[in-house]
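Output the structure for:
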Amino acid sequence: GHSSPRRPGGGHGLRGIADRARLLGGTAQAGAAEGAWRLNVRLPMKGPV
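Prediction:
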C-alpha cells in the first residue's frame with residue numbers, strides 16, 4: 001500500500017503532475033510558449049520500461 005496523505009485536489013491537474021514528477025525525481029514545467037500551452041515533464045529512466 002501507498003500510505004502518503006491525500007492532498008486537496010487529489011493529485012489532478014498541472015499541480016498534481018508537477019508534484020508527482022518531483023516525487024519520481026523528475027521535473028515538470030508548464031506555461032505558454034509560441035502561442036500554445038506546453039507541458040514538459042522529465043523523469044529519470046529507472047528499471048525496465
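
Residues touching stretch 23-32, excluding its own?
14, 17-18, 20-22, 37-44 (CB atoms under 8 Å, 6 or more residues apart in numbering). Yep, even glycine has a C-beta here, placed from its N, CA and C like the rest.

Give the PyMOL command for selecting the buried subset of those residues.
Listed next is the PyMOL selection for buried residues among the contacts of stretch 23-32, using 16 or more other CB atoms under 10 Å:
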select buried, resi 18+21
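
Among the contacts of stretch 23-32, which lie within strands?
Among the contacts of stretch 23-32, DSSP state E puts 37-42 in strands.

picking up where we left off before, greatest separation within the contacts of stretch 23-32: which pair is it?
Across the contacts of stretch 23-32, the longest distance by CB to CB is 24.9 Å; it joins W37 and P44.

could you point out where this structure is predicted with low confidence?
1-12, 47-49 (pLDDT under 70).

at 80 what do you get?
Low-confidence segments of the chain (pLDDT under 80): 1-12, 46-49.

all helices for the chain, in order.
13-23 (DSSP state H).

before we move on, back to that, dump the ones in strands among the contacts of stretch 23-32 to TSV, plus distance to G31.
What follows is the ones in strands among the contacts of stretch 23-32, written out as TSV (distance: CB to CB, whole Å):
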residue	distance to G31
W37	7
R38	6
L39	9
N40	9
V41	13
R42	15
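
Who does the residue nearest to A18 when sequence neighbours are not counted form a beta bridge with?
The shortest distance from A18 to any non-neighbouring residue, by CB to CB, 6 or more residues apart in numbering, is to A28 (4.1 Å). With DSSP bridges as the criterion, A28 is bridged to V41.

ok, A28 - how many residues close by?
19 (other CB atoms under 10 Å).

Relative to A32, how far out is L43?
Distance of L43 to A32, computed by CB to CB, to the nearest Å: 23 Å.

in stretch 18-35, what's buried?
18, 21, 28.

How far does that stretch stretch from one end to the other?
Stretch 18-35 has its terminal residues 22 Å apart, counting by CA to CA, to the nearest Å.

Likewise for stretch 23-37?
Stretch 23-37 has its terminal residues 23 Å apart, counting by CA to CA.

Good, wrapping up.
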